[in-house]
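Q: generate a structure from the sequence data that follows.
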Amino acid sequence: MSRRTRFFLSFSILIFVAGILVRPAEARFTPTPCKNPYTQQQEIQLGLKAMAQVYQQQPILPDSDPVSRYVQALGMKLVQYAPGYRWPFQFHVVNSADINAFALPGGSIFINLGTVQAATDEAQLAGVMAHEISHVVQRHSTCNQAREQMPSILAGLGGALADIFLPGAAGAIAQQGISSVAGLTFLRMSRDDEKQADLMGTDILYDAGYDPRALPQFFETIQAKYGSGGAQLLSDHPNPGNRIGYVDQEIATLPPKTNEIKDSPQFQAMHADALKMHADTAEEIKAGKWKSKQPPLPAEASAAVAADKSTAAPQTSSTTAPQAGTLASTVNWRPSSAMNTFTHSLYSVRYPQNWSMSGSTQSSVTIAPPGGTGTDANGQTATAYGVIIDHVQGQGDLQQQTDALAQSIQQSNPGMSEATDATGITVNHRQGRSIEFLSTSPLSTSSNTVYERDWMVTVQRPDGSLSYLVFIAPEKDFNSLRPTFKKILNSFTVR
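A: This next block holds a predicted model:
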């Protein structure tokens, strides 16, 4: 047994013993439960199937890696103090240079190596992990899905709109929050969700013996160093405002403690090793060389995927497009004059009869000509021709929500630029905003770059939220398709 192995084994044993001997206190912050249509077991299965997608698209360090083992041990120490339902937590490290972390429904938490490298002491890393644990405990992903009725936000125009479906549950769930995970979207956390995770995370840190001020300090340090848009963590975890202030107020309700943990020799030893490691950039992750070294998918996630495949019923709906194949260099996009009508729970829309619709009355919808969707050169699901229709519950007025949506789409698509300014538009007597982007089409190859135009129209809903449509086509064909896109837009009726 190597010296390093003995070190991490001893650290794990100490944390396990501490979890047995110290009885966890209940968190002081008590959120209001939402009306969640998912059972805990459904949520766990949903998260396991989402994990399979993460393993397909992101480089994961093996569980035997010393950094992974440290993160796992620290995570299991913290969950001893998490209130409520005993979720089957597990912790993994993504070999990504982005400073970020995310939690899947049901308890699977992923910490980027960039986050481990950016933390300066154990309390800061524990703060990020306690924050993610709190998202799981409060069931924010599935609560938001129930509240919004459908997934939100694109994670890749010209790339993909990836939804995670749970058969037998209430529609699709997607968390935009982790837009940095290529092709995989989840429901973006609201600022209120972030504040709730901060407050519960504060209590978890306090009960585990850590300095709870380390949680907001890490976010503030990252923002000071990189700016509000310079780290993916800040995009996926929007600042509720005055984090330090309301965390200090929460700490003031707790009995004073001395000798709060800020750091440990174990963290510094692990951190020194982590800083020597190469964390993959976004470009390297996209290139996919890491796939040959990817560790196997955890057994429970493999079982969840296998069970899903064995029980899935064949698609019989005439409104659902067949599974997309590889995108062809040429697409027969010419629309028919005859139109079909699709009625969603939130709107109705008409589209060319010879185009296909994929999605459901509760999820995002893609309408495309034959061959307009498929897989790109990197094996990612993509849309080269067509329109994607979705819904987002944001904060602010029409312009503020549109600006935030446009910014999020651009962050998810490096190289995308605005081709026009945002302007006002009226869609069936409702206020909206219109903006066009230029980006690289998924029809591009290593020897030929194809550029596309993406026209986004947002429409204000009665409750203040947005429905939005994104019309997509290569630049050379966009103006020919614009009359059809306008015809679809003019038929769009909010329900």
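
Q: only C-alpha atoms from now on, for both contacts and neighbour counts.
A: Will do.

Q: what residues sit buried inside stretch 465-484?
A: 465-475, 478, 481, 484 (16 or more other CA atoms under 10 Å).

Q: what about V67, how many residues nearby?
A: Using other CA atoms under 10 Å, V67 has 24 other residues around it.

Q: torsion angles phi and psi at it?
A: V67 has phi and psi values of phi -70, psi -40 when expressed as degrees, to the nearest 10.

Q: re earlier: lowest-confidence one in the buried residues of stretch 465-484?
A: Comparing pLDDT over the buried residues of stretch 465-484, S465 scores lowest. The value there is 85.

Q: surely that one and D390 touch.
A: No. Using CA atoms under 8 Å, S465 and D390 do not qualify as a contacting pair, with a distance of 11.3 Å.

Q: inside helices: which ones of the buried residues of stretch 465-484?
A: Filtering these for membership in helices, criterion DSSP state H, returns 475, 478, 481, 484.

Q: from what I see, the last one and W333 are in contact.
A: No. In terms of CA under 8 Å, T484 does not count as a neighbour of W333; the distance is 10.6 Å.

Q: what residues are bridge-paired with V457?
A: V457 has these beta-bridge partners by DSSP bridges: S434, L469.

Q: contact partners for it?
A: For V457, the contacting residues are 432-435, 468-470, taking CA atoms under 8 Å, 6 or more residues apart in numbering as the criterion.

Q: any idea how far V427 is from it?
A: Taken as CA to CA, to the nearest Å, the spacing of V457 relative to V427 amounts to 9 Å.

Q: over to Y468?
A: For Y468, the distance to V427 (CA to CA) stands at 11 Å.

Q: any shared contact partners between those two?
A: In the contact map built from CA under 8 Å, 6+ apart, the residues linked to both Y468 and V427 are V459.

Q: what's the local residue count around T202?
A: Here the count is done by other CA under 10 Å, and T202 has 30 residues near it.

Q: surely it is in a helix?
A: Yes. According to DSSP: H, G, I helix; E, B strand; the rest coil, T202 belongs to a helix.

Q: I'd assumed V247 was in contact with it.
A: Yes. Between T202 and V247 there is a contact at 6.9 Å, judged by CA under 8 Å.

Q: touching both of these two, which residues are there?
A: Between them, T202 and V247 share the neighbouring residues R213, with contact defined by CA under 8 Å, 6+ apart.

Q: list the buried ones in stretch 332-349?
A: Of the residues in stretch 332-349, those buried by neighbour count under the rule 16+ other CA under 10 Å are 333, 335, 339, 342, 344, 346, 349.

Q: ok, and the closest non-adjacent residue to S444?
A: Across the structure, with CA to CA, 6 or more residues apart in numbering as the measure, the residue nearest S444 apart from its sequence neighbours is V450 (4.9 Å).

Q: could you check how far the one you found is from E284?
A: According to CA to CA, V450 stands 21 Å off from E284.

Q: helices of the stretch 151-300 of the chain, start to end?
A: Using DSSP state H, counting those that start in this stretch, the helices found in the stretch 151-300 of the chain span residues 191-207, 214-226, 232-236, 243-252, 265-276, 282-287, 299-311.

Q: worst average pLDDT in those?
A: helix 232-236 (a mean of 44).

Q: list the contacts for G386?
A: With contact set as CA under 8 Å, 6+ apart, G386 has these partners: 366-369, 372, 471-473.

Q: about what we covered before: most packed of the helices of the stretch 151-300 of the chain?
A: Among the helices of the stretch 151-300 of the chain, helix 191-207 has the highest mean neighbour count (mean count of other CA atoms under 10 Å), at a mean of 25.

Q: for it, packing partners?
A: Under the contact definition 3 or more CA pairs under 8 Å, 6 or more residues apart in numbering; DSSP states H and E, helix 191-207 sits against helix 122-137, helix 214-226, helix 243-252.

Q: try 6 Å
A: For helix 191-207, the elements it packs on are helix 122-137, judged by 3 or more CA pairs under 6 Å, 6 or more residues apart in numbering; DSSP states H and E.

Q: just curious, which of the ones in helices among the buried residues of stretch 465-484 is nearest to N413?
A: Within the set of these, E475 lies nearest N413; the separation is 16.7 Å, counting by CA to CA.

Q: not counting sequence-adjacent ones, nearest residue to the closest one?
A: In this structure, E475 finds its nearest non-sequential neighbour in E452, 4.5 Å apart by CA to CA, 6+ apart.

Q: the one you found: what secondary structure?
A: The three-state label given to E452 by three-state DSSP is strand.

Q: relative to T30, how far out is it?
A: As for E452, its distance to T30 is 48 Å (criterion: CA to CA).

Q: looking at these two, which is more packed in?
A: For E452 versus T30, the count of surrounding residues by other CA under 10 Å is larger for E452: 26 against 12.

Q: Validate this expectation: D403 resides in a strand.
A: No. Secondary structure of D403 (three-state DSSP): helix, not part of a strand.

Q: and it, what's its pLDDT?
A: Note on D403: pLDDT of 88.

Q: so how far is D397 from it?
A: Shown here: D403 relative to D397, a distance of 10 Å by CA to CA.

Q: try S439
A: S439 sits at a distance of 27 Å from D397 (criterion: CA to CA).

Q: of those two, give the one with the bigger neighbour count.
A: When neighbours are counted by other CA under 10 Å, S439 and D397 differ, and S439 comes out ahead with 22 against 13.

Q: from what I can see that one touches D454, true?
A: No. S439 is not in contact with D454 according to CA atoms under 6 Å; the separation is 7.6 Å.

Q: export the helix or strand harbouring S439 to PDB, keeping only CA atoms.
A: Secondary structure here is read from DSSP states H and E; on that basis S439 sits in strand 430-440. Extracted C-alpha coordinates of strand 430-440, given in PDB (Å, rounded to 0.1, in the frame of the first residue of the first chain):
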ATOM      1  CA  ARG A 430     -48.800  40.100 -27.600                       C
ATOM      2  CA  GLN A 431     -45.700  42.000 -27.000                       C
ATOM      3  CA  GLY A 432     -42.400  40.300 -27.900                       C
ATOM      4  CA  ARG A 433     -38.800  40.900 -28.800                       C
ATOM      5  CA  SER A 434     -36.900  39.900 -31.900                       C
ATOM      6  CA  ILE A 435     -33.100  39.300 -32.200                       C
ATOM      7  CA  GLU A 436     -30.900  37.400 -34.700                       C
ATOM      8  CA  PHE A 437     -27.600  35.700 -34.200                       C
ATOM      9  CA  LEU A 438     -24.900  34.300 -36.400                       C
ATOM     10  CA  SER A 439     -23.100  31.100 -35.500                       C
ATOM     11  CA  THR A 440     -21.500  27.900 -36.900                       C
END
